[in-house]
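Colleague: need coordinates for the below:
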Amino acid sequence: MATISETATEPASEKIVWSRFALAVLAAAGASAAANALIYFIAASLGAMPQSVLTPRGEPVTLVPVAGSSIVGVLGGAIVFALLVWLTKRPISIFRVVAMVVLALSLLTPFSLPNAPLPMILALELMHVAAGLITIYAFTTLPRETVLQV
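Modeller: Numbering: from 1, shown residues only. I've put the predicted structure just below:
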């Protein structure tokens, strides 16, 4: 019977199948943008996304920048992940740590919006967490080479 090789003494392979990684990037970008669009619509319908609060670019937070920022974040993570695959022997393990640190630091950015009400900050925080966790999951599971023992 074939089983996936992963025991306490023999960790799962950290080899990456590049075609799967490309699909993981697309999946993470789409899922992150969709999840954050849903969070945005819910928050906006509850009045938590006032258009009077402006970003540093002088624009209100709307759906287009939310989706665009989600995709840009995933693409940034893809570059980091690809570099780790190229430069290290444990890219998945290292990416998880790096990505969690970046996610934690990203939670500071909503506080930089002047006069943003707490519900807006919480909605933006939730968007960061959703995009971060989706990306971490997609990049560390989908492209992994599966090792079968017979």
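Colleague: could you pull up the residues touching Pro119?
Modeller: Pro119 is in contact with Ala43, Leu46, Gly47, Ala48, counting by CB atoms under 8 Å, 6 or more residues apart in numbering. (Glycine included, C-beta is placed from N, CA and C.)
Colleague: that one: which element?
Modeller: helix 118-141 (DSSP states H and E).
Colleague: only the buried residues of that helix, if you could.
Modeller: By 16 or more other CB atoms under 10 Å, the buried positions in helix 118-141 come out as 120-121, 123-128, 130-132, 134-136, 138-140.
Colleague: what does stretch 45-65 give?
Modeller: Per 16+ other CB under 10 Å, stretch 45-65 contains these buried residues: Ala48, Met49, Val61.
Colleague: name the SS class of the residue nearest to Met127 when sequence neighbours are not counted, please.
Modeller: Spatial nearest neighbour of Met127, excluding adjacent residues (CB to CB, 6 or more residues apart in numbering): Asn36 at 4.4 Å. Using DSSP: H, G, I helix; E, B strand; the rest coil, the structure places Asn36 in helix.
Colleague: run a quick neighbour tally on Asn36.
Modeller: Asn36 has 25 neighbours, counted by other CB atoms under 10 Å.
Colleague: for it, give me its contacts.
Modeller: Val66, Ala67, Ser70, Met127, Ala130, Ala131.
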